[in-house]
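Asker: Sequence unavailable; structure follows:
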């Protein structure tokens, strides 16, 4: 069984640019959630994808967008990068239970994004 | 949004000592999860709790889901150097997004 993987590991971008981060879910998982973790803080929920559609969103502007593919992998896209977007971006995979609730979420190692 | 407060913020303990940390919320959660995060890595799931009052162990770790559904605690017995890291509680209010606590930074002195 393979765990959650993310790419790239590190990324440096300039303010105003666009970035795409990638995530492969753990085998057997059909749901992917994205989180932003600023230095010294807990992760903050960005959005979740289930069956290739957005299934809940946190308090992030529309320039944060995502995709989920038929193999359950996912992308996070951020447009018009700002300095405050510098953070560790975490992807977590899970699987829906019978009640439709999304239980244990397993995290990847993250992508460290630096915006200069 | 929901606020999860963890205490203590940081702890320095001697190897072999027991550790206790807790998490309180202003809102009710249906699921509590405890994670450990090492520097530069993603959080690793330690324990999941699904019912109020539930007490669950994973090796030297024990966690409980509070009766009010607004709190949870994590105990680590006989700490070892590899227990060093940041411990986060996280709650699921019944929706799909985890709300994370502020974290407890644990240092174990050999």
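Answerer: Structure received. Note that the structure is predicted; figures quoted are calculated from it, not measured.
Asker: what about residue B:14, how many neighbours?
Answerer: Residue B:14: 9 surrounding residues under other Cβ atoms under 10 Å in any protein chain shown. The way it works is simple: take the backbone N, C-alpha and C, and place the C-beta from them, glycine included.
Asker: Spatially, and excluding backbone neighbours, which residue is closest to it.
Answerer: Of all residues not flanking residue B:14 in the chain, residue B:109 sits nearest, at 5.4 Å (Cβ to Cβ, 6 or more residues apart in numbering or on different chains).
Asker: Residue nearest the middle of chain A, spatially speaking?
Answerer: Residue closest to the average C-alpha location in chain A (Cα atoms, centre = their mean): residue A:34, at 2.7 Å.
Asker: Can you report how many residues neighbour the residue nearest to residue B:14?
Answerer: 11.
Asker: Please apply the same query to residue B:13.
Answerer: Neighbour count of residue B:13, defined by other Cβ under 10 Å: 15.
Asker: before we move on, the earlier item: measure the residue nearest to the centre of chain A to residue A:106 for me?
Answerer: To residue A:106, residue A:34 is 14 Å away according to Cβ to Cβ, to the nearest Å.
Asker: With residue B:40 instead?
Answerer: According to Cβ to Cβ, residue B:40 and residue A:106 sit 18 Å apart.
Asker: right, and the residue nearest to the centre of chain A touches residue A:74 too?
Answerer: Yes: using Cβ atoms under 8 Å, residue A:34 makes contact with residue A:74 at a distance of 7.3 Å.
Asker: can you list residues touching both of the two?
Answerer: A:23, A:66, A:91 (Cβ atoms under 8 Å, 6 or more residues apart in numbering or on different chains).
Asker: May I ask you to confirm that residue B:83 is in contact with residue B:75?
Answerer: No: counting by Cβ under 8 Å, residue B:83 stays clear of residue B:75, with 11.7 Å between them.
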